[in-house]
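A.B. asks: Generate a structure from the sequence data that follows.
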Amino acid sequence: MTAKDSWAAPLRTRSFRLLLASAMTSNVGVWVESVMAGYVMAQLTHVPSLVAALPIATSLPGVLFALPAGAVSDSADRRLVLLAAKSLFLAGTLGLALLALAGGLTPFALLVFSALLGTVGTFSAPAWWATVGDLVPARLLSRALSLDGLQWNIGQVVGPVLGGLLLASAGAGGMFAVAGALMSAVVAFLAVWRGRHRARLSTPGQGAPERMLGAVAGGARYLLNAPALQVICWRTALFVIPAGALTSLLPLLASRAFGVGAFGYGLLLAAVGAGSMGGAFLLPRLHDRYHLDAMVAVASGASAVFTLVLALWCGKGNLAMAALALAGTGTAWLVGVTSLNMGARQAAPAWVVSRALGSYLMVFQASIVFGALVWGGVADAFGVRATLVVASAAFLPGIAAVRHLRLPVVGDTDMQVVPRPVPEVASEPEAEDGPVMVLVDYRVEEADEDAFVELMEELRVVRRRLGAARWSLFEDAAEPGHFVESFVVRSWGEYLLQRSRYTSADLRIHDAATAIGSRSGAPVARYFVHPESAFAYRRKARWQRLRGVDRALATGSRPSAPQRRSVDLADQDLEPVAAGDRPGPASQCPTGPLAPAVRPPDPTATGRSRLPPRTLAAGRSRRAFGRAATGAARRRGCEPGEPP
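C.D. replies: Numbering: from 1, shown residues only. As a prediction, the model looks like this:
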């Protein structure tokens with residue numbers, strides 16, 4: 001390891017250094033609130049399932065909102081996302097303080113506030129992880145994540161000890177108030193920091209062109225069609241579910257089995273944090289020497305051993321052994337979770353990285369929720385120590401899965417985005433036009449057909465991952481070796497967005513399939529835009545503009561220039577019907593282009609129309625527009641086109 005790439009190398013980046021310093025102070029307050037809330041719950045109630053429900057309330061929002069949180073981070077300025085989330089977290093903590101000082105803190109109120117804080121924490125996490133990775137070069141990613149874990153675990157050491165002292169001396173209200181004061185550090189930094197030149201804290205995400213619902217759907221679609229990310233999610237569940245047993249039941253283990261108070265409980269948690277700090281220093285060296293698979297497997301085995309030691313051999317008389325075992329679990333936890341986080345980030349390109357991290361967070365929080373439900377029920381029936389023994393055995397499936405669920409090995413340039421050129425078409429469709437069907441003709445030699453079909457199956461995953469709604473491959477029965485690939489995208493704009501998101505790994509698959517399918521020239525691509533859906537969208541837009549004009553006339557105000565222009569353009573080339581003699585108010589019976597009508601077709605006309613589909617659809621659009629205006633005028637008691 002060179003001095004340039006030492007474990008502290010990311011600290012040479014000013015924005016990363018300042019962000020980390022403010023976060024370190026803030027995370028002390030986060031640990032004071034989150035960890036000591038479990039001990040406060042243990043004081044408020046002695047029901048194990050209620051104590052175990054606290055991590056459920058904190059983690060369940062991560063299951064529900066992780067993908068939307070990733071979509072927000074990919075579509076908005078991440079600094080503003082972080083500022084809003086951290087500010088709301090601060091407000092919630094101060095609300096807990098006020099409630100506790102007023103004497104109104106109950107188990108139910110604590111669960112509600114924990115759920116609210118878990119929600120804002122969910123929206124903060126993907127933006128935070130993406131920002132930390134964006135502030136440093138790619139080669140320093142593992143060291144940046146290690147330093148982030150280090151500052152987080154410094155808070156885990158200091159926070160519980162400080163929380164225990166505050167809880168014993170100032171009560172729950174004073175403890176939550178001090179926690180809120182500490183959290184204000186990162187809020188103040190995010191509020192004033194703007195960055196200069198290339199050292200910006202964050203910029204709008206790569207998914208900015210997408211709408212929110214489309215961005216969420218895109219994240220779900222990417223997860224369903226990204227085998228590497230799916231493997232990471234499975235390995236996350238196999239590690240976090242058994243590891244969550246100790247997190248859920250440690251307050252009961254400390255108060256009942258170890259017989260310690262609030263300060264002693266804080267010291268035990270400080271031991272976990274100290275072990276995690278050691279893991280943060282160890283992680284870069286492990287990452288340079290071993291694959292992520294081996295690191296997660298070793299972390300699982302170590303967690304199983306230390307959990308078993310806590311369950312069988314630790315009690316009131318040997319708290320030192322308990323502290324050492326908890327330090328070991330802290331080291332194993334940081335190595336395992338950071339390795340999985342790193343794998344999730346490496347398995348996704350920049351345009352979807354926050355949503356990939358949101359998918360990882362969703363599985364992570366779902367595993368905590370599921371584990372808390374299971375371990376709380378088992379503890380109710382068989383006790384805390386027996387539950388920890390079962391949890392230690394539950395690590396074995398994750399260790400055995402290493403051979404079948406291997407974490408991906410991603411090259412330095414595999415996830416680099418390489419946009420493809422815009423296709424040449426005779427008439428450029430509008431962004432909303434669609435659906436769009438793309439047909440690609442391939443000519444394949446008979447000896448290469450099997451290899452071609454296998455490559456097209458890989459290309460199917462790529463197309464679906466990037467946005468294709470349907471995909472299929474057909475072979476011409478009359479011409480063996482002639483294959484037609486077909487896939488459908490929701491709109492022309494989404495198809496162009498899809499072409500801008502190919503990575504180097506995706507293009508290798510595409511180019512390999514194209515090379516085999518070029519027996520008699522390069523594959524030919526054709527693009528088909530569905531006419532009805534596009535013009536139905538335009539009819540709806542025109543109708544909405546017409547209603548705006550109608551409301552403006554009804555109130556006596558003048559329609560805006562865009563409204564008048566849109567109506568004029570929609571009604572051009574239409575022949576008006578002669579006006580009737582029925583009078584009506586001038587303000588309600590507009591003439592000219594504001595009251596369009598279409599002459600009925602000539603019944604003597606014969607023959608079938610040969611106009612292009614787009615022209616026919618445009619005519620139907622104009623007629624629908626005229627009928628809408630006619631109906632609106634008649635409802636006001638006058639004829640269309642009638643003079644004032």
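
A.B. asks: Show the low-confidence segments of this structure, by residue range.
C.D. replies: Counting by pLDDT under 70, the chain contains low-confidence residues at 1-5, 7, 52, 194-211, 317, 411-412, 520, 531-644.

A.B. asks: can you give me the helices in the stretch 251-400 of the chain?
C.D. replies: For the stretch 251-400 of the chain, applying DSSP state H, counting those that start in this stretch gives helices covering 262-289, 292-313, 319-346, 353-382, 384-393, 396-400.

A.B. asks: so which of those helices comes closest to Leu50?
C.D. replies: Distance to Leu50, taken as Cβ to Cβ, is lowest for helix 353-382 among those, at 8.5 Å. Any C-beta I mention is one placed from the backbone N, CA and C, and that applies to glycine too.

A.B. asks: That closest one vs helix 319-346, what angle?
C.D. replies: Going by axes from the mean of the first three to the mean of the last three Cα atoms, to 10 degrees, helix 353-382 is angled at 150 degrees with respect to helix 319-346.

A.B. asks: list the helices and strands helix 353-382 packs on?
C.D. replies: Here helix 353-382 is seen to pack against helix 48-75, helix 107-134, helix 212-224, helix 227-252, helix 319-346, helix 384-393 when contacts are counted using 3 or more Cβ pairs under 8 Å, 6 or more residues apart in numbering; DSSP states H and E.

A.B. asks: for the second one, packing partners?
C.D. replies: Pointing back at helix 107-134 there. Using 3+ Cβ pairs under 8 Å, 6+ apart, helix 107-134 sits against helix 14-44, helix 48-75, helix 78-101, helix 141-192, helix 319-346, helix 353-382.

A.B. asks: ok, Ser49 - how many residues close by?
C.D. replies: 14 (other Cβ atoms under 10 Å).

A.B. asks: Grab the nearest non-local neighbour of it.
C.D. replies: The spatially closest residue to Ser49, leaving aside those adjacent along the chain, is Gly376, at 4.6 Å (Cβ to Cβ, 6 or more residues apart in numbering).

A.B. asks: Next: Glu475.
C.D. replies: Phe483 (5.3 Å).

A.B. asks: again, but for Ser255
C.D. replies: When the adjacent residues along the chain are set aside, Ser255 lies closest to Ala42, with 5.7 Å between them (Cβ to Cβ, 6+ apart).

A.B. asks: got the contact list for that neighbour?
C.D. replies: Ala42 is in contact with 51, 251-252, 255, counting by Cβ atoms under 8 Å, 6 or more residues apart in numbering.

A.B. asks: on that earlier part again, take the helices and strands packed on helix 107-134 and write them to CSV, including distance to Tyr222.
C.D. replies: Listed next are the helices and strands packed on helix 107-134 as CSV, based on distance: least, Cβ to Cβ, whole Å:
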stretch, distance to Tyr222
helix 14-44, 27
helix 48-75, 10
helix 78-101, 19
helix 141-192, 20
helix 319-346, 12
helix 353-382, 6
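
A.B. asks: Of these, give the one that comes closest to Pro284.
C.D. replies: Proximity of the helices and strands packed on helix 107-134 to Pro284 was assessed by Cβ to Cβ; the nearest stretch is helix 141-192, lying at 5.1 Å.

A.B. asks: Let me know the angle separating that closest one from helix 262-289.
C.D. replies: Counting by the same axes, to 10 degrees, helix 141-192 lies at 130 degrees to helix 262-289.

A.B. asks: Can you report how many residues lie near the closest residue to Ala323 other than its chain neighbours?
C.D. replies: Excluding the flanking residues, the one nearest Ala323 by Cβ to Cβ, 6+ apart is Ala271, at 4.1 Å. Each residue near Ala271 was counted by other Cβ under 10 Å, and the total is 23.

A.B. asks: surely Ile232 meets Leu340?
C.D. replies: Yes. The pair Ile232 / Leu340 is scored as a contact, 6.0 Å apart, by Cβ atoms under 8 Å.
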